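> Kindly generate the corresponding structure for this input.
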Amino acid sequence: MKIEVNQVALECRVGDIAAQSDIEAVVNAANAELMPGGGVAGALHARAGRELAKACAPLAPISPGEAVLTKGFNLPNAYVIHTLGPVYGRDEPSEELLAHCYRQSLKVAENQGIASVAFPAISTGAFGYPLVSGAEVACRTVVSMVPELSHVRLVRFVMFDERAHEVFSEKLQQVAE
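Numbers count the residues shown, from 1 in each chain. Here you go, the predicted structure:
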């Protein structure tokens, strides 16, 4: 699914976040220490190699909603933007913190002059954020940021499975209308 808002392409697809070879920066749903873990962080660190963890170490710890930048190393992407999503039911206000992840990640991309960014469904896995409300926050936040984007021309949501893809596609169409 692909739509355009103010000359910024917004996409949603099923795939592997660590295999987005046409994207300049991928977003890591990181842990506070920015180290390898499960899910997105595990996939990105495994593909990027040990250099990624070494580059992350001096940037940690980060707080929920914060975003930091490293090189992509062995990933097919020049950069990784690491953001810490809220743990649902613990980090409050969770909706505001989740929106901040997307907002800060896009600001990091803009400041670096990055043209394309791929996001996972931040916090909706092990951190327990409900998929439907997480998708709504993500899509609403990204669409609201479009007028502030001068470098970023493509934002892609990369979903691990078809269910998440359907939910994100539906929410993206709703908020972009």
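> Next, the buried residues of the helix ranked longest in the chain.
The single longest helix within the chain, with elements called by DSSP state H, is helix 94-112. Using 16 or more other C-beta atoms under 10 Å as the test for burial, helix 94-112 gives 94-95, 97-110, 112. (Glycine included, C-beta is placed from N, CA and C.)
> ok, now stretch 140-151?
In stretch 140-151, counting by 16+ other C-beta under 10 Å, buried: 140-143, 145-146, 149.
> What of stretch 111-127?
For stretch 111-127, by 16+ other C-beta under 10 Å, it's 112, 114, 116-125, 127.
> And stretch 159-169, by the same measure?
159-160, 164-169.
> Correct me if wrong: Gly73 contacts Leu52.
No, residue 73 isn't Gly; it's Phe. Yes. Counting by C-beta atoms under 8 Å, Phe73 touches Leu52, with 5.1 Å between them.
> Those two: which has the busier surroundings?
Leu52 (26 against 20; other C-beta atoms under 10 Å).
> For the more buried one, give me its contacts.
Contact analysis of Leu52 by C-beta atoms under 8 Å, 6 or more residues apart in numbering lists 44-45, 70-73, 75, 80.
> please redo it, this time with the cut-off set to 7 Å
45, 70, 73, 80 (C-beta atoms under 7 Å, 6 or more residues apart in numbering).
> How are the helices of the protein distributed by residue range?
Using DSSP H, helices in the chain cover 39-48, 50-56, 94-112, 131-145, 162-176.
> Out of these, which is closest to Leu154?
helix 94-112 (10.5 Å; C-beta to C-beta).
> residue nearest the centroid of this protein?
Phe119 (3.0 Å; C-alpha atoms, centre = their mean).
> Provide the partner residues of that one in its beta bridges.
Phe157 (DSSP bridges).
> Could you verify my assumption that it touches Ala29?
No. Using C-beta atoms under 7 Å, Phe119 makes no contact with Ala29, being 8.6 Å away.
> For the contacts of Leu52, pick the one with the most neighbours.
Busiest of the contacts of Leu52 [other C-beta under 10 Å] is Val80, holding 26 neighbours.
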